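Engineer: Sequence below, structure please.
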Amino acid sequence: MPRLAEARQKLEAKDVAGAVAIYEEVLAVAGERADVLVTISGDLGVTGNLREITELVGPRYDAQKHGPATGLNVLQAYIALRNAEAAQHVLDILFELKRPELEERLYGFSNAIADLMAMGQPQDDTPTIGGDPEEQKKAQINLVTISKPIWSYGLEALGDLFPPRTGNVRRVAFAQLALPGLANAAELAKQPEEEMGRLSRAIPLWMAETFNYSPRYASVAALGVYGKPGEPGHYALFPSEWSTDNLQQLVNTAGTALDYIFTGALRQKAGDYEMILRVWEVKKFRERKQISLRWTPATADTELAKLHEYLRQFMEWNDGAAALPYTPPASPTAWIDTLGASVSLFLAEKNVLAADQLPDFAATIKTATAQAASNEAASLACLTLLARARTFERAPEVANLPLNDSPHVAAARDALGL
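Structural biologist: Residues are numbered from 1 along each chain as shown. Predicted coordinates:
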């Protein structure tokens, strides 16, 4: 046990190789002990080293000899690593123990494995996200983190629009959604953005923006861009969901500690949409919640609004005393479209995204102007969208722009020269 405590210290110091060396020594002489296996699997899980659980503990696990606790740790590691076949094997072994107190939990894992199988996603094919400085010199997927509403960049002259963080602030990241089953994702990513790619980025932007209005949260959206640092690139599309390795890379590169990460996947079938969101607790790298949603073009606004309200309740979101009061968008689909266009123009302006990646924004701008008067944020978003679009000569002339009548909007017009 002192050796296991030493290994835990190495894990906490991010010396995984050192910890694994100790574990291999211990397992060579005490690999049959239940307390040893449950301690190793638990410590590896808490520190986010899930693949090591499957490599060190998985092959040694015997349910009759070691009991359910270690098996549950191994099972959760396989599920988090999206290895449905191995997870199902461990689940069957745990069911064979016939422990009534575990049945409800095991059925929950069974549903999670069924979802993995239904997604039909290949294993270990998620592109590597850049984190190592040497690796970042190569063309690869790098993360762009957006730490405040995308439309608020450029409005710093208006002062603090959002409430100050107070108390025990929780830090949450919303990752770009995967698009499983997408054909030719790498080639499609090189083209100007299309609907599914925009949705995969704009939905996390919308969620992260919402949590900026709460004094209890600090939020970021994490988007993938393929290219070399210092050179404009193109968006990345993820053909499979983020693995726990990707989550660890996000934690390592976020620049701040994270408490929760939202990941997920989005599909389109015959014009209808399916989305799965997963809420991860970073401290234990444990999937805390899974949320499924379906909508059609006719029901999109209603279903997305329900999801938005549910997430605020589930995360115990509350808005604080802010200069800019929070108002849910009148049309979530229109708002998402505005955010997607805004982030593309913003990244092109910053030379992160190549200008030839920008599509025609005329329809988006028309929608944004139609919604602009609904609340202050919609007016501010419309103004910054127009200003950036004009930089790239992508904005049509808009006469008699309908805007919310507020001092913030008037100040923004002056600041942006509109």
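
Engineer: Show me where the stretch 151-300 of the chain has its helices.
Structural biologist: 185-189, 195-211, 244-253, 300-314 (DSSP state H, counting those that start in this stretch).

Engineer: Make JSON lines out of those helices and add distance to A7.
Structural biologist: Heads up, the C-betas are built off the backbone N, CA and C, glycines and all. Formatted as JSON lines, these follow (distance: least, C-beta to C-beta, whole Å):
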{"stretch": "helix 185-189", "distance to A7": "39"}
{"stretch": "helix 195-211", "distance to A7": "36"}
{"stretch": "helix 244-253", "distance to A7": "18"}
{"stretch": "helix 300-314", "distance to A7": "35"}
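
Engineer: Out of those, which gets nearest to H66?
Structural biologist: helix 244-253 (23.0 Å; C-beta to C-beta).

Engineer: any idea of the mean pLDDT for that closest one?
Structural biologist: Averaged across helix 244-253, pLDDT comes to 78.

Engineer: Quick check: the gap between the residue nearest the centre of the chain and L250.
Structural biologist: For the chain, the residue sitting closest to the mean C-alpha position, by C-alpha atoms, centre = their mean, is A175 at 1.9 Å. Going from A175 to L250 by C-beta to C-beta, to the nearest Å gives 7 Å.

Engineer: With F174 instead?
Structural biologist: 11 Å.

Engineer: out of these two, which sits in the busier spot?
Structural biologist: F174 (26 against 23; other C-beta atoms under 10 Å).

Engineer: wait, what's in contact with that one?
Structural biologist: P204, L205, M207, A208, S219, V220, A221, A222, I261, F262 (C-beta atoms under 8 Å, 6 or more residues apart in numbering).

Engineer: same check, this time on L102
Structural biologist: P68, L94.

Engineer: do G340 as well
Structural biologist: G340 touches E193, R198, L199, R201, A202, L205, T364, counting by C-beta under 8 Å, 6+ apart.

Engineer: Doesn't it belong to a strand?
Structural biologist: No. Under DSSP: H, G, I helix; E, B strand; the rest coil, G340 sits outside any strand and is assigned helix.

Engineer: that older thread, among the helices of the stretch 151-300 of the chain, which comes closest to I79?
Structural biologist: Using C-beta to C-beta, the helices of the stretch 151-300 of the chain put helix 244-253 closest to I79, at 10.0 Å.

Engineer: mind giving me the domain split of this structure?
Structural biologist: The record, using automatic domain parsing to delimit domains, assigns the chain the ranges 2-119, 135-416.

Engineer: avg pLDDT for the first one?
Structural biologist: Taken as a whole, domain 2-119 carries a mean pLDDT of 85.

Engineer: Could you do stretch 194-210 as well?
Structural biologist: 94.

Engineer: Please determine how far the closest residue to P297 other than its chain neighbours is located from A363.
Structural biologist: Of all residues not flanking P297 in the chain, G271 sits nearest, at 6.7 Å (C-beta to C-beta, 6 or more residues apart in numbering). Per C-beta to C-beta, G271 is found 18 Å from A363.

Engineer: Next, find the distance separating A363 from D405.
Structural biologist: 26 Å.

Engineer: that older thread, residue contacts, the residue nearest to the centre of the chain?
Structural biologist: P204, A221, A222, W242, N246, L247, L250, I261, F262, T263, G264.

Engineer: rewinding a little: what do A175 and L250 both touch?
Structural biologist: Shared contacts of A175 and L250 (C-beta under 8 Å, 6+ apart): A222, W242, I261.

Engineer: Looking at those residues, which is nearest S379?
Structural biologist: Closest to S379, out of all of the shared contacts of A175 and L250 and judged by C-beta to C-beta, is A222, at 27.5 Å.

Engineer: Tell me how many other residues crowd the closest one.
Structural biologist: The burial count for A222: 26, using other C-beta under 10 Å.
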